[in-house]
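Engineer: Whatever this is, show me its structure:
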Amino acid sequence: MVMELSDKETKEYFSPVDFAIGKTIQIYNRQFFLYDCDNFTRAYYWKHFGKTDFEPITVDRKGNVIPQEVSTTFVFLLVIIKIK
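Structural biologist: Numbering: from 1, shown residues only. You can find the predicted model right below:
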């Protein structure tokens, strides 16, 4: 048995460049938004690509991106509410 490529099949593969914080990748027709990474991944990207910017992106429970200035205010408001 031999599998042949059709027009619907992907002929490209992922590379480390595709997996960057803030990018959305598609795997099996599903969208995955990359908002953070672990220490091993940070070390790998630093060693192999010299990348040092690993600022995570804040998302809510539904996966919506929260802009940085809004998320800081939101955390501050939560602290004020808890104190009262």
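Engineer: Show me the helices in this protein, by range?
Structural biologist: 39-49, 68-83 (DSSP state H).
Engineer: Buried residues in the shortest one, which are they?
Structural biologist: Within helix 39-49, the residues scored as buried using 16 or more other Cβ atoms under 10 Å are Tyr45. Every C-beta, even on glycine, is put in place using the N, C-alpha and C of the backbone.
Engineer: Pick out the shakiest of the helices of the chain, pLDDT-wise.
Structural biologist: When the helices of the chain are ranked by mean pLDDT, helix 68-83 comes last with a mean of 46.
Engineer: quick one: contacts of stretch 30-37?
Structural biologist: 19-26, 45, 54, 56-59, 63, 65 (Cβ atoms under 8 Å, 6 or more residues apart in numbering).
Engineer: CA-only coordinates of that stretch, as CSV, when you get a sec.
Structural biologist: Backbone C-alpha positions of stretch 30-37 (Å, rounded to 0.1, in the frame of the first residue of the first chain) are rendered in CSV as follows:
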residue,chain,number,x,y,z
ARG,A,30,-8.1,23.8,14.6
GLN,A,31,-6.6,27.2,15.6
PHE,A,32,-4.1,27.3,18.5
PHE,A,33,-3.1,30.7,19.9
LEU,A,34,0.3,30.6,21.5
TYR,A,35,0.3,32.9,24.5
ASP,A,36,3.2,31.6,26.7
CYS,A,37,5.9,28.9,26.8
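Engineer: Would you mind listing the buried residues in that stretch?
Structural biologist: The neighbour-count check on stretch 30-37 (16+ other Cβ under 10 Å) flags Leu34 as buried.
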